[in-house]
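S.K.: Any chance you can model this:
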Amino acid sequence: MSSNHHSSHDETTTRHRVEGPKKHIVTFVLSLVLTLIAFAAVASGEINTAFTYIILVGMAVVQVFVQLSFWMHMKDKGHLFPTIGIIFGIIVVFTMVIMAEYWVWW
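M.R.: Predicted structure coming up:
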């Protein structure tokens, strides 16, 4: 019984060691770089407005995946229901945006 307790403790320790501060620092720097790219695209004022929107949406999507994967640990097992909730929320928001556009245009 004691050996089972130690093996689960060792797995937890190993998992935490693998996900140590190095990944968090890299993720933090990646988040800063993505934010700086988006800020530079807007602050320069020389980039086409449509292309600026594309850059902002692209950086936002990448930032969401980085935040959910590394900071919220959605990449780990056992997060099926939050993932389903997020996907359902995205579907609802896109449906609302499309319906609002049809309502305004017609």
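S.K.: what does the helix or strand that contains residue 39 contact?
M.R.: Assigned by DSSP states H and E, residue 39 falls within helix 21-44. Residues external to helix 21-44 that are found in contact with it (C-beta atoms under 8 Å, 6 or more residues apart in numbering): 47, 52, 55-56, 59-60, 62-63, 66-67, 70-71. Heads up, the C-betas are built off the backbone N, CA and C, glycines and all.
S.K.: show me where pLDDT drops low in the chain?
M.R.: Within the chain, the stretches with pLDDT under 70 are 1-19.
S.K.: Please, where are all the helices along it?
M.R.: Ranges of helices in the chain, per DSSP state H, are 2-18, 21-44, 49-66, 80-105.
S.K.: In TSV: these, plus mean neighbour count.
M.R.: Output for these, formatted as TSV (neighbours: other C-beta atoms under 10 Å):
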stretch	mean neighbour count
helix 2-18	9
helix 21-44	12
helix 49-66	13
helix 80-105	10
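S.K.: For residue 106, grab the count of nearby residues.
M.R.: Counted with other C-beta atoms under 10 Å, the neighbours of residue 106 add up to 5.
S.K.: quick one: it from residue 87, how far?
M.R.: Distance of residue 106 to residue 87, computed by C-beta to C-beta, to the nearest Å: 29 Å.
S.K.: Give me the angle between the helix holding residue 39 and helix 49-66.
M.R.: 170 degrees (axes from the mean of the first three to the mean of the last three C-alpha atoms, to 10 degrees).
S.K.: hmm, back to that, dump the contacts of helix 21-44 to JSON lines, plus distance to residue 35.
M.R.: Output for those, formatted as JSON lines (distance: C-beta to C-beta, whole Å):
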{"residue": "47", "distance to residue 35": "17"}
{"residue": "52", "distance to residue 35": "15"}
{"residue": "55", "distance to residue 35": "12"}
{"residue": "56", "distance to residue 35": "11"}
{"residue": "59", "distance to residue 35": "8"}
{"residue": "60", "distance to residue 35": "10"}
{"residue": "62", "distance to residue 35": "11"}
{"residue": "63", "distance to residue 35": "7"}
{"residue": "66", "distance to residue 35": "11"}
{"residue": "67", "distance to residue 35": "11"}
{"residue": "70", "distance to residue 35": "15"}
{"residue": "71", "distance to residue 35": "14"}
